[in-house]
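1. missing the sequence, but the structure's below:
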């Protein structure tokens, strides 16, 4: 049996930390809870337990109906731990799967919301009028009801939808959001079906990806939909692989750097992104391209639109992945390492790999691929400089003196 329970507003009771949710006596059947964070308290009561025949009684789901808080010290952030999973009684755990209608309506003090992995539905007007929220993050939402975010007018607000599901979007769900707000999807999960679901808000849609704040940090990324990057990118170098040749020592690869006019990226194109900016938390949000762009370069990297399991290389068909211990990223400056696949290896969606056929790789175990990123030059502060720069520089991973 599975229990489904409802939540409604109650008066504030003894405050606890987010992890200490305890049942208390009540005048009505059910359980009372309160959560305290940074002096702000909100509370709710669980009532009307329901029994569904044939379901597991140990775990159930609940719907968050109402919300109230200490008006003297308003809660400014709704963390996933607050609206994720509750332990109501010993042996019984419940996932909050739905934020009900008008739960957080007109709560102007809230500035940030993270829903956690269980929330599947955002009720009608659930966040309507929350004009102070600058960031929403939803991991697995499948339904967004009418007016859910209406009037969430904070300038440059970001709405992150990280899951792979295609949510339904109700009428007026994003009505009245700021003109510079962005609705963002993870580069590894976004699909054309998701874009279609949000078609009424196409001017706000973006794909996003992030980097470690380290000059020279590199990722291998691909996207299921066409993407429009800045032309040129101010803090990214973006490379494609022109050619590759297996040798007795490994694989020699030649790369090309995207040039002005080449920053409209076709769907399912794997590219090498090198960060050379100075931001402390670099996040890139880029627009979708409305159709498949044509390109003038030939790129031999294979993209993973969905997660793939690569078989072991057999000497005739050999696979190379980008740092298999962390196949998506590697903290390097100028040299980039691919490694030959010797056992079945999973490559996540939104990445890529290299395939070599009929090469001379027999007997090469753990062969390495060294990529010369077009001989770019950096000063000792990690800033990209031109060849005329005087003094000590780093080129090809080595310190040299330019006179």
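-> Received it, and whenever you're ready, just let me know what you need. Remember, it's a predicted structure, so these values are computed and weren't measured experimentally.

2. my hunch is that residue 196 is in a strand, does that hold up?
-> No - under DSSP: H, G, I helix; E, B strand; the rest coil, residue 196 sits outside any strand and is assigned helix.

3. how near is it to residue 171?
-> 16 Å (CB to CB, to the nearest Å). In short, each C-beta sits where N, CA and C put it, glycine included.

4. got it, and residue 287?
-> 25 Å.

5. So for the two, which residue has more residues nearby?
-> Taking neighbours as other CB atoms under 10 Å, residue 287 and residue 171 compare with residue 287 leading, 18 against 11.

6. which stretch of helix or strand covers that one?
-> Counting by DSSP states H and E, the element that carries residue 287 is strand 283-288.

7. What is the least confident helix or strand in this protein?
-> Lowest by mean pLDDT, DSSP states H and E among the helices and strands of the chain is strand 2-8, with a mean of 37.

8. A strand includes residue 338, no?
-> Yes - looking at residue 338 with three-state DSSP, it is inside a strand.

9. so residue 188 touches residue 307, yeah?
-> No - between residue 188 and residue 307 there is no contact under CB atoms under 8 Å: 9.2 Å.

10. Name the residues contacting each of these two.
-> Common neighbours of residue 188 and residue 307 (criterion: CB atoms under 8 Å, 6 or more residues apart in numbering): 348-349.

11. what residues are up against residue 305?
-> So residue 305 contacts 222, 224, 268, 349 (CB under 8 Å, 6+ apart).

12. Among those residues, which pair sits farthest apart?
-> Farthest-apart pair in the contacts of residue 305 is 268 and 349; separation 10.5 Å (CB to CB).

13. out of these two, which sits in the more crowded spot?
-> Per other CB under 10 Å, whichever of residue 268 and residue 349 has more neighbours is residue 349, with 19 against 16.

14. Against residue 80, how distant is the more buried one?
-> Relative to residue 80, and taking CB to CB, residue 349 is found at 23 Å.

15. ditto for residue 195
-> Applying CB to CB to residue 195 and residue 80 gives a distance of 26 Å.

16. how about the closest residue to residue 353 other than its chain neighbours, what does it touch?
-> Among residues not flanking residue 353 along the chain, residue 321 sits closest, at 4.9 Å (CB to CB, 6 or more residues apart in numbering). For residue 321, the contact set (CB under 8 Å, 6+ apart) comprises 310, 327, 338-339, 341, 345, 347, 353-354.

17. Name the residues linked to residue 321 by a beta bridge.
-> Taking DSSP bridges as the rule, residue 321 bridges to residue 339.

18. for residue 254, same thing?
-> With DSSP bridges applied, residue 254 shows beta-bridge pairing to residue 243.

19. Tell me, how many residues neighbour it?
-> Once other CB under 10 Å is used to define contacts, residue 254 is seen to have 13 neighbours.

20. And for the one 3 residues further on?
-> The criterion is other CB under 10 Å. On that basis, residue 257 has 16 neighbouring residues.

21. So which residues of the protein form helices?
-> 192-197 (DSSP state H).

22. where does it dip in pLDDT?
-> 1-73, 84-95, 249-250, 323-336, 359-403 (pLDDT under 70).

23. what sits against residue 353?
-> 270, 301-302, 304, 310, 319-322, 338, 341, 347.

24. Residue 192 contacts residue 207, correct?
-> No - under the criterion of CB under 8 Å, residue 192 is not in contact with residue 207, lying 11.9 Å apart.

25. Of the two, which one has the most company?
-> Using other CB under 10 Å, the more surrounded residue of residue 192 and residue 207 is residue 207, with 27 against 13.

26. Just give the closest residue to residue 157, not the sequence neighbours.
-> residue 181 (4.5 Å).

27. Contact partners for the one you found?
-> Residues in contact with residue 181 (CB under 8 Å, 6+ apart) are 152, 154-159, 174, 204.

28. Compute the distance between it and residue 245, please.
-> Counting by CB to CB - residue 181 and residue 245 are separated by 48 Å.

29. out of everything not next to it in sequence, what's closest to residue 240?
-> residue 299 (3.8 Å).

30. ok, the nearest residue to residue 160 once chain neighbours are set aside - how many residues close by?
-> Of all residues beyond its chain neighbours, the one nearest residue 160 is residue 137 (4.4 Å), with distances taken as CB to CB, 6+ apart. Using other CB under 10 Å, residue 137 has 16 neighbouring residues.

31. any idea how far residue 137 lies from residue 209?
-> Counting by CB to CB, the gap from residue 137 to residue 209 is 15 Å.
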